[in-house]
Every structure is written in C-alpha cells, then in structure tokens.
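Trainee: just the structure for this:
(2 chains)
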2 protein chains.
Amino acid sequence: MDINEIYGYIREDMVQVEERLRLIRRVDFPHLVELLDCSLKGSGKMIRPALALLSGKFYEYNHDHLLAMATAVEVLHTATLVHDDAIDKSAVRRGRPTINEMWGAEEAVLLGDYLFATAGELTASTRNMRAIELFASTLKTISGGEIEQAFNSFNLNQERSQYFRRIAKKTASLFSMSTESGAALSQAPEESIQVLIEYGYNLGIAFQIVDDILDFVGTEEELGKPVGSDLAQGTLTLPALIVMERYPEDSPVKRFFADRGKKENIALAIEMVCSSPIIEESYQVASDYRDRACRNLGSLPDIVNRRLLLELADYVVRRNR
Amino acid sequence: MDINEIYGYIREDMVQVEERLRLIRRVDFPHLVELLDCSLKGSGKMIRPALALLSGKFYEYNHDHLLAMATAVEVLHTATLVHDDAIDKSAVRRGRPTINEMWGAEEAVLLGDYLFATAGELTASTRNMRAIELFASTLKTISGGEIEQAFNSFNLNQERSQYFRRIAKKTASLFSMSTESGAALSQAPEESIQVLIEYGYNLGIAFQIVDDILDFVGTEEELGKPVGSDLAQGTLTLPALIVMERYPEDSPVKRFFADRGKKENIALAIEMVCSSPIIEESYQVASDYRDRACRNLGSLPDIVNRRLLLELADYVVRRNR
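Mentor: Here you go, the predicted model:
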C-alpha cells in the first residue's frame, strides 16, 4: 500500500493539520513569517501527525483536541530539525536551504525555541494532563539523547546498545509520544494505550534505522540532503557500526574518524556498505522492530485504523526517502 | 532594605528551590551533569522565583506546587540565558565561562532545550492549566522578542517604542509570568492576579532598563561580563537611544554601527553616556516603571509579602549588579 493510499483514509484530518500549520505562520512580524514559512512549509512525510490521528480514533475522542495534538507533534518535530541543522551546520534539508543557511545559526536557535513554545501551546490546548506531561518529558528525552550524540561524535568506542539507546531517545520517543498522546486523548483503556506506545516506540526505532540506511544508499535527490551526512558529522549509525564489527582493525570509517580531513573515506565507506550484505542485515534489524511494533495490534478494536497502522509500519521499512 | 533582608522572609522556601535545582542535576549521564552544574550552580539573584513565591502567598496555596513553579521560572530563565550566550558568542556570564565557551555552541543549544523541557515538566507538575498555558505563551513571547532583537541588531533606525516592546517581550513577560503563575496557584481572586501581573510586568521593564544602564556604568567585576556588551552586539538600549536622540548627526554609537571594526567607539560611547545626564534620565524612566509596578499593590491583603514586593521593587532600581 502506498503512503498516499494510507493517508487517503485520514485525508480530511491531514488537510486540517496543514491548515493549523498555516495558522501558526500568521504573526504580525514579517521576518518571523518568513522564518516560519521556511521551516513549516512543505513539511515532510507527516508521519507523526498521522500516528497521532490513527491512534486517537479507536475510541471516543474530541476532534479539535486530536487535531491540535497531531499538529503539536509535527511542530515539535520541526523544532528539533531546525536546531539539529543549526548544530550540524547543515546547508540543505528536504531539498531546500536550511534556516541556518539562509539566516544564520542565531535565528535558527531562536526559531526552534519559538516552535517548541508553539508545540507546547498546542499541547496545552488539549487540556489533557497526560499529553502535557508527555510533551515535556519527551522534549527532555530528545534533547538528552542529542547531547549524548554530540558528546559521542567521532568516538569509535561505541556499541550497538549505545546506538539503540540514542535512537530510542532521539526518534522513538517522539513516535511513541504521538501514539500515546493520540490514544490518551481518546479515552482509550490503559492496555490499548500501552499497545500503541509499544507500536510507536518500535516503529520509531525501525524508522530511524531505515533513515540511517538511506543515508548510505539513497541519492541526494531522494534524501533532500547530501549522502553520508551522518558519517560526515561523526555519528556512528547501524551500517557504520556493522562495518566496525566486521573490520575492527581497519576500515574507511575508522580512517575518517582518525583524520576528518580525509573526506574521501566517506565515499569509500559508502561503497563498502553498499556493496556488501550490511544493508540487507540492517534492513533485517529494522524489519524485526517493525514486527515488534505490530505484534500486539491485534488486541485493538478491529476498525480500519488498525489495518492502516500495519500498512504504515510496512511503508516505514520499505520507503526510499 | 537589602536584598538578603527581603529574601530573609522567604529563606526556607528559597533553600527548597535551591534543593530542587540541585535535584535537576542528578541524571545518569556524567557529561550532562557537568553541563547542568555549570548552568544551574551559582544561580544569579533568583528574583523570578522570589516573585513567584511572594505572589503566591497572599491566599491559600499548595506549597509543593508553588515551590515547583518558583523553580520552573528560574530554570526557564537559565535556559534563555544559555541560548542567549550561544547566540551572542558570550564568553563570560556571572564571572564564569559560559556553556558555549566551555563546550561549544552545539552543546549550549541542546542544554537550553533540555532546560526548557525541565521547566515545562516542573510547570506541568503543578497541574494548573493557567500556569501551563502561561508557560508556553511566555516562551513564545520571549523567543519572538529575541528574534526581533536579532533582526534589528546594528539597525540605527529604532525608536524608544521598539525598545520598550522588545524588553517587554524578552524580560517583562517572564517577570509577569512569575507573579501571575504564583498568584494563580494560590486561588487569588482575578483582581488580585491582575494587580500582580501589572506589578511583575512593570517591574520587569524597570529591571531591564537598570540592566541596560549597568551595561554602561558597571564594572566588569560587578557585571560578571564585559562592560558595553549590548553595544558590542549591536543592541540599542535606552542610554544608547538617548545618545541617538541627542546627537542624531554624529555619535560614537552611530560611528560604531557604521563600522563595527572601530571598537574604540564603544569606549567613547560609554564615556559619553557616563559623563552626561543620560544615566540619570534613564534611571528616572526605570523609577517611573517601578512606581507603576507598585501603584495598585495597596489593594492586596495587608500581609508582610506586600511590603516585601515594595522593597523588592526599590531594590531593582537601586542595585548595582
């Protein structure tokens, strides 16, 4: 099933989320409008709002609150991207220049703060204490994870467990926040909320692994940013960790980390990964997490959303951008 | 009345706020502990928590929630300072190296995010919707104000109205959040909350004007950072605006903005301000705001807190650091 087909079922809601994203851009300071336009327009795959919406419709729900929450998770995600790009000095994202590239890191930091606040405001508007507490704790988890990642950049002494811990914090936490907050807003029984948390968490891990694979096998056009960005920033992802496991003595990864000036090693590392079973192995790990995500979905009410969550999980490991 | 005497009345509470600040630093990642220590240890004057505490004790209150809120406003303040320093590339704050100076701007951005989240978590723990909504809207106001300031740096075409608008956003909003959230947590009647909002807002303006004066007349030791930092960053504060009003044709301020390489003009501007009635005039404006802050306090219950708020307002325009 194609992503557009999945989204077809929630098209009206997604249009309303887009509309709410547009409303955020209506402020009385023209320069801020520009910054908001640049960061919120042409949003990405909108997976997080879709997760909140799909998770929030198994039981009784307040439509207005659910739309606010779906918008909040997308805005929170955007805020983290704006800060990430400033930190990584990335010039391109989704095929367009980043905020820091256009207006400098200073503006990117402040815009990210503004977007965090906006996401907080949207979350507060649901008046749901569980969603509100979850918002704060998730932002804490994400930034804590990013601090660990920054601290470990260009550090070769890392194992898979650290990688999984890191992506759990920086990606899975927001996926599970999306499903949990959606479910919590729909008066779902606690067991169903737990099933949806488990789904979101494991799907987030699978999603990030695939993201990390695509950073090796994708094209710049598909990715909307340069290939090999993770390695260039000194971040060891699953494919790079497998390289390190296979060739502990010497590898282009090791050589690049030892001398960051030798950028030719990035291309060599990409070639090594792509011409070996490392990609297949990484996809297998992602698929295992997809399976874990879905294993208990059967206990949710048998409505179309349940099938769409399964389809979405398949899409996550199958996508090429 | 000395600040310590004012704080004497709320000493036990302030000790508990300090204790809560210490608890934030207990995390399981040693590097994060270092970052939190560096940013939260040796906090400044702690005026914002004092405002929340004093405002929160006119009526019935939940002590635990009030302490959480007082801690939240200090953590939120610290988060904004950490980001400000990263943006301004400031090397010193409160006489100690900044996070960006010690570990780089990247870590400062992420630590600031982590602190925002922590402040949000503390606010959420009060389970008071007004405080929660206020938290999000205040962060939005502050970052919006900072974006305006960044956008207008080294812009000579600014008037007093823009200056007041800017400091209202970047400083007064957090002062009035402190008094409003304290009051809202104490079941205060709406009129009393409004009096305390008015107090906090105007006191915040007075406070920032004095801060901006001290940037000219203080010593590096008193300020804990270089004198003339605002001008050096291209920010026009009240004393500099008065210089521009007095000498529209030519002034060291104008010359420095025209050519940032000529740093000698910063010292000349400081000299010009300090050897003229500009300082006195600026203090007069600050005193007017102090008076506005206090004019309706008389309608609050006649308990010791009311006198302490008056004393605190006097301290704010009298302090030299």
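Trainee: okay, CA-based contacts and neighbour counts for the rest of this
Mentor: Will do.
Trainee: what residues does chain A have near chain B?
Mentor: A:31-32, A:83, A:87, A:105-107, A:109-111, A:113-115, A:117-118, A:120-121, A:124-125, A:127, A:129, A:132-133, A:136-137, A:139-140, A:143-144, A:146-147, A:150-151 (Cα under 8 Å from any Cα of the partner chain).
Trainee: next structured bit after the longest helix seen in chain A?
Mentor: Assignment by DSSP state H gives helix A:190-217 as the longest helix of chain A. Later in the chain than helix A:190-217, the nearest helix or strand by DSSP states H and E is helix A:220-223.
Trainee: contact partners of that following helix?
Mentor: Here helix A:220-223 makes contact (Cα atoms under 8 Å, 6 or more residues apart in numbering or on different chains) with A:94-95, A:214-215, A:226-227, A:320-321.
Trainee: kindly report the same for stretch A:7-25.
Mentor: A:33, A:36-37, A:40, A:49-50, A:53-54, A:67-68, A:70-71, A:75, A:118.
Trainee: among those residues, which two are most distant?
Mentor: For the contacts of stretch A:7-25, the farthest-apart pair by Cα to Cα is A:V33 and A:L54; their separation is 30.5 Å.
Trainee: follow-up on the earlier one: for the buried ones among the contacts of helix A:220-223, write the corresponding PyMOL selection.
Mentor: Filtering the contacts of helix A:220-223 down to the buried ones (16 or more other Cα atoms under 10 Å in any protein chain shown) takes a single PyMOL command:
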select buried, chain A and resi 94+214+215+226+227+321
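Trainee: could I get the contacts of helix A:220-223 as JSON lines with pLDDT and distance to B:R11?
Mentor: Formatted as JSON lines, the contacts of helix A:220-223 follow (pLDDT from 0 to 100; distance: Cα to Cα, whole Å):
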{"residue": "A:R94", "pLDDT": "85", "distance to B:R11": "53"}
{"residue": "A:G95", "pLDDT": "85", "distance to B:R11": "55"}
{"residue": "A:L214", "pLDDT": "95", "distance to B:R11": "56"}
{"residue": "A:D215", "pLDDT": "94", "distance to B:R11": "55"}
{"residue": "A:P226", "pLDDT": "82", "distance to B:R11": "56"}
{"residue": "A:V227", "pLDDT": "88", "distance to B:R11": "57"}
{"residue": "A:N320", "pLDDT": "75", "distance to B:R11": "60"}
{"residue": "A:R321", "pLDDT": "74", "distance to B:R11": "57"}
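Trainee: redo the contacts of helix A:220-223 as TSV? Include secondary structure.
Mentor: Listed next are the contacts of helix A:220-223 as TSV, based on DSSP: H, G, I helix; E, B strand; the rest coil:
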residue	secondary structure
A:R94	coil
A:G95	coil
A:L214	helix
A:D215	helix
A:P226	coil
A:V227	coil
A:N320	coil
A:R321	coil
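Trainee: just to revisit the earlier point, among the contacts of stretch A:7-25, which one lies nearest to chain B?
Mentor: A:T118 (6.6 Å; Cα to the nearest Cα).
Trainee: what's the distance between A:D64 and chain B?
Mentor: 17 Å (Cα to the nearest Cα, to the nearest Å).
Trainee: report pLDDT for that residue.
Mentor: Per-residue pLDDT puts A:D64 at 98.
Trainee: helix or strand: which one has it?
Mentor: helix A:63-88.
Trainee: now for that helix, which elements pack on it?
Mentor: Here helix A:63-88 touches helix A:11-24, helix A:30-40, helix A:47-55, helix A:99-103, helix A:105-124, helix A:173-184, helix B:105-124, going by 3 or more Cα pairs under 8 Å, 6 or more residues apart in numbering or on different chains; DSSP states H and E.
Trainee: nearest to A:L156, of those?
Mentor: Taking those one by one with Cα to Cα, helix B:105-124 is closest: 19.8 Å.
Trainee: give me the buried positions along the closest one.
Mentor: B:105-124.
Trainee: after that helix comes which helix or strand?
Mentor: By DSSP H and E, the next helix or strand past helix B:105-124 is helix B:129-151.
Trainee: what does that next one contact?
Mentor: For helix B:129-151, using Cα under 8 Å, 6+ apart, the contacting residues are A:31-32, A:106-107, A:110-111, A:113-115, A:117-118, A:120-121, A:124-125, A:127, B:120, B:123-124, B:166-167, B:169-171, B:173-174, B:177, B:180-181, B:184-185, B:235.
Trainee: let's see 7 Å
Mentor: For helix B:129-151, the external contacting residues (Cα atoms under 7 Å, 6 or more residues apart in numbering or on different chains) are A:107, A:110, A:113-114, A:117-118, A:120-121, A:124, B:123-124, B:166, B:169-170, B:173-174, B:177, B:181.
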